[in-house]
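A.B. asks: quick one: sequence and predicted model below, then my questions.
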Amino acid sequence: MKKIVVLTVLIINVLCAFGKESDNLFFYVWTYTSNGGKGIYLCNVDNSSGEISLLETFVGIDNPSFLKTSYDKRFLYAVTENQEGY
């Protein structure tokens, strides 16, 4: 069940792109760091070729479970599943 939820969240995240410029579509993917992932990834899809590229990896946020951009898309907010917080 947990894998289905994670997969569903990932699919929703990919479909809800956070920025678009010309032929590029930008989106974030997040992974649990306790399972070997590095955290939050900024990716891009080239609409003309369909190629997906990793642009940047944001480390230091343990087990991100929800991401949200600000209305103006200048800030990315992440919720973690750590009990102690930051």
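C.D. replies: Sure, I can see it.
A.B. asks: just so I have it, where are all the helices in the protein?
C.D. replies: For the chain, helices defined by DSSP state H occupy the ranges 2-15.
A.B. asks: can you pull out the strands in it?
C.D. replies: For the chain, the strands defined by DSSP state E cover 19-21, 24-30, 40-46, 52-58, 64-69, 76-80.
A.B. asks: buried residues of the last one, list them for me.
C.D. replies: In terms of neighbour count (16 or more other Cβ atoms under 10 Å), strand 76-80 has its buried residues at Ala78, Thr80. Where C-beta positions appear, they are placed from N, C-alpha and C, glycine not excepted.
A.B. asks: now that strand: average pLDDT?
C.D. replies: The pLDDT scores in strand 76-80 average 89.
A.B. asks: for the chain, which spans come out with low pLDDT?
C.D. replies: Across the chain, the ranges flagged by pLDDT under 70 are 1-22, 83-86.
A.B. asks: 80 - rerun?
C.D. replies: Across the chain, residues meeting the criterion (pLDDT under 80) sit at 1-23, 81-86.
A.B. asks: Tyr77 contacts Leu67, correct?
C.D. replies: Yes - using Cβ atoms under 8 Å, Tyr77 makes contact with Leu67 at a distance of 7.0 Å.
A.B. asks: tell me who's in contact with Cys43.
C.D. replies: Cys43 is in contact with Phe26, Phe27, Tyr28, Val29, Ile52, Ser53, Leu54, Leu55, counting by Cβ atoms under 8 Å, 6 or more residues apart in numbering.
A.B. asks: select from the residues you listed the one having the most neighbours.
C.D. replies: For the contacts of Cys43, counting by other Cβ atoms under 10 Å, the largest number of neighbours falls to Tyr28: 22 neighbours.
A.B. asks: run a quick neighbour tally on the residue lying closest to it once chain neighbours are set aside.
C.D. replies: With sequence-adjacent residues excluded and distances taken as Cβ to Cβ, 6 or more residues apart in numbering, Tyr28 is closest to Leu67, at 5.4 Å. Look at Leu67: counted by other Cβ under 10 Å, it has 19 neighbours.
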